[in-house]
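Student: fold the following, please.
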Amino acid sequence: MKAMKVQEIAEAVGGKLLCGDPATLITNVQYDSRNVGEGSLFVPIKGERVDAHRFIEQCMEKGAATFTEHEAPTGAEKPYIKVENTLKALQKLAAFYREQFSSLKLVGVTGSVGKTSTKEMIAAALSEGLNVMKTQGNKNSQIGMPCTMFDLSDEHESAVIEMGISEFGEMDNLCDIARPDIAVITNIGMAHIENLKTQENIMSEKLKITNHFDKDGILFVNGDDKLLSTLCGKQPFKTVSFGLSETNDYYADNIQTYGFDTKFRCIGGGTEKNFTIPALGIHSVTNALAAIAIGRTLALDDDTIQKGLSGYKNAPMRQQIHQLENFTLIDDSYNASPEATKVSLDVLKSISKEKSIAVLADMLELGEKAQSEHYGVGKHLAEIGIDSLIAIGPLSENTAKGAEENGCKNVITVKNNEEAYTILKTQINKNCTVLVKGSRGMHTDEIVKKLL
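Tutor: The predicted structure is shown next:
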């Protein structure tokens, strides 16, 4: 982060510096009091359970300045900046900071599933030709994404930013901050449909990632998605489609798997070129097509893009493959939706040598579609020939039902991760492959940690 004076920050967010030296320099912004140090600006967020204003005093002792919605204590010497709402002040400051990098090309990535893996693939493709800043982990929320902006520096030529939403109006906020020059929508699925009600609503909200496009803005969409495909050629800006269908501007054929690598031919932009990625699954090829198309848009040649793609790595807990002594583990425990779970089951099937075991926990935030979507996952599992299912949680009883009624012979339902791990240990044998996946709230990473 480029250093900023506290007075400059106060003016940027429409706040008032209550006390402290206005020339105090801020070199980092933190909302977690544990990460605060000298030169930090602490942003105390009011959460559902905890109001972080209670941590201000200890942050001051560490040498920080702070936002506050209250008055400064009597005798305070460190900088207190009073604002109406600390979260909105954080977002205003992030937008102000982003404006300091007007020449930087920012790629915004959104979609129901696959945002993080697509972000990682694009950043990898660009990394050999450009100095790229990318979202770390999944900091894509109303808090995390603004904080990501402060990672920008003058050395960066491009940024790849993940933008996630779960409520109406959230993309408006994120787009006001990040102002993407290029946007990617990976798909329109069922994630957060409990809040957004329909897939059409989800697409409408996702499309707001283009709110600040100028005449040179470009939207890249997965043309294999039935809803996203309707956007092409109907927007006041350029749209580019990618996917496996030959109707896309960029598509792939000759897809072949070698070990844990995938090779394919990319056809698009008037050329044909073979690429290799260190990842499995059709979805990874789709992600790579987006990355290739964006790389070319930013004037990178194919050799540079390929070199970048060769360094791609799955983010933690997202289809990470661990080759252990007696079995192979696919750690996809970070989160789950119906679409993503089916894709992960396909990967499980594709790399299983002998026995395949799926450990699947509840998929949350599906609202009234929860039962049918869980059943559909179980049906898909049975149809592609997964050998065993351990289903965790009450909703996953529907996954078990879908699997059993469609031919899977080895199905077990359990109440919690501990039970799942105990049973899984008895089923693992040499040359078997295990997939662990569930919504974040189900904490299936607990199972992975024990297995590792």
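
Student: and the strands in the stretch 151-300 of the chain?
Tutor: Listed in chain order, the strands of the stretch 151-300 of the chain (DSSP state E, counting those that start in this stretch) span 158-162, 182-185, 218-222, 238-243, 250-258, 261-268, 271-277.

Student: same list (those) but as a markdown table, adding distance to residue 74 and mean neighbour count.
Tutor: For glycine as for every other residue, the C-beta is placed from the backbone atoms N, C-alpha and C. What follows is the strands of the stretch 151-300 of the chain, written out as a markdown table (distance: least, Cβ to Cβ, whole Å; neighbours: other Cβ atoms under 10 Å):
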| stretch | distance to residue 74 | mean neighbour count |
| --- | --- | --- |
| strand 158-162 | 42 | 27 |
| strand 182-185 | 49 | 28 |
| strand 218-222 | 54 | 25 |
| strand 238-243 | 58 | 23 |
| strand 250-258 | 63 | 15 |
| strand 261-268 | 64 | 19 |
| strand 271-277 | 60 | 15 |
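
Student: redo those strands as TSV? Include distance to residue 82 and mean pLDDT.
Tutor: Shown next, in TSV, are these (distance: least, Cβ to Cβ, whole Å; pLDDT from 0 to 100):
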stretch	distance to residue 82	mean pLDDT
strand 158-162	29	97
strand 182-185	35	98
strand 218-222	40	97
strand 238-243	44	96
strand 250-258	50	94
strand 261-268	53	96
strand 271-277	50	97
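
Student: what's the helix-or-strand element of the chain with minimal mean pLDDT packed up against?
Tutor: Sorted by mean pLDDT, DSSP states H and E, the helices and strands of the chain end with helix 193-196, the least confident at a mean of 78. Secondary-structure packing of helix 193-196 (3 or more Cβ pairs under 8 Å, 6 or more residues apart in numbering; DSSP states H and E): helix 199-206.

Student: so for the helix it packs on, mean pLDDT?
Tutor: Averaging pLDDT along helix 199-206 gives 91.

Student: can you point out the buried residues in that helix?
Tutor: 199, 202-203, 205-206 (16 or more other Cβ atoms under 10 Å).

Student: quick one on the thing from earlier: mind putting the strands of the stretch 151-300 of the chain into TSV with distance to residue 20?
Tutor: Output for these, formatted as TSV (distance: least, Cβ to Cβ, whole Å):
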stretch	distance to residue 20
strand 158-162	31
strand 182-185	39
strand 218-222	44
strand 238-243	48
strand 250-258	53
strand 261-268	55
strand 271-277	51
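
Student: what's the closest of those to residue 341?
Tutor: strand 218-222 (17.8 Å; Cβ to Cβ).

Student: in its sheet, which strands sit next to the closest one, and in what direction?
Tutor: Partners of strand 218-222 in the sheet, by DSSP bridges, are strand 182-185 (parallel), strand 238-243 (parallel).

Student: mind checking those for the one nearest to residue 328?
Tutor: strand 238-243 (28.5 Å).

Student: residues in contact with the closest one?
Tutor: Under the criterion Cβ atoms under 8 Å, 6 or more residues apart in numbering, residues 217-225, 228-229, 231-233, 247-251, 268, 286, 289-290, 293, 297 lie in contact with strand 238-243.

Student: helices of the stretch 251-400 of the chain, residue ranges please.
Tutor: Along the stretch 251-400 of the chain, the segments classed as helices by DSSP state H, counting those that start in this stretch run 282-297, 302-309, 338-351, 370-384, 396-405.

Student: mind showing which ranges of the stretch 251-400 of the chain have poor pLDDT?
Tutor: Within the stretch 251-400 of the chain, no stretch has pLDDT under 70.

Student: wait, residue 133 touches residue 156, no?
Tutor: Yes: with contact defined as Cβ atoms under 8 Å, residue 133 counts as touching residue 156 (4.6 Å).

Student: in a markdown table, list the strands paired with strand 218-222 along with distance to residue 312.
Tutor: Shown next, in a markdown table, are the strands paired with strand 218-222 (distance: least, Cβ to Cβ, whole Å):
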| stretch | distance to residue 312 |
| --- | --- |
| strand 182-185 | 16 |
| strand 238-243 | 16 |
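
Student: closest to residue 149 out of the ones you listed?
Tutor: Across the strands paired with strand 218-222, closest to residue 149 is strand 182-185 (Cβ to Cβ), at 16.3 Å.
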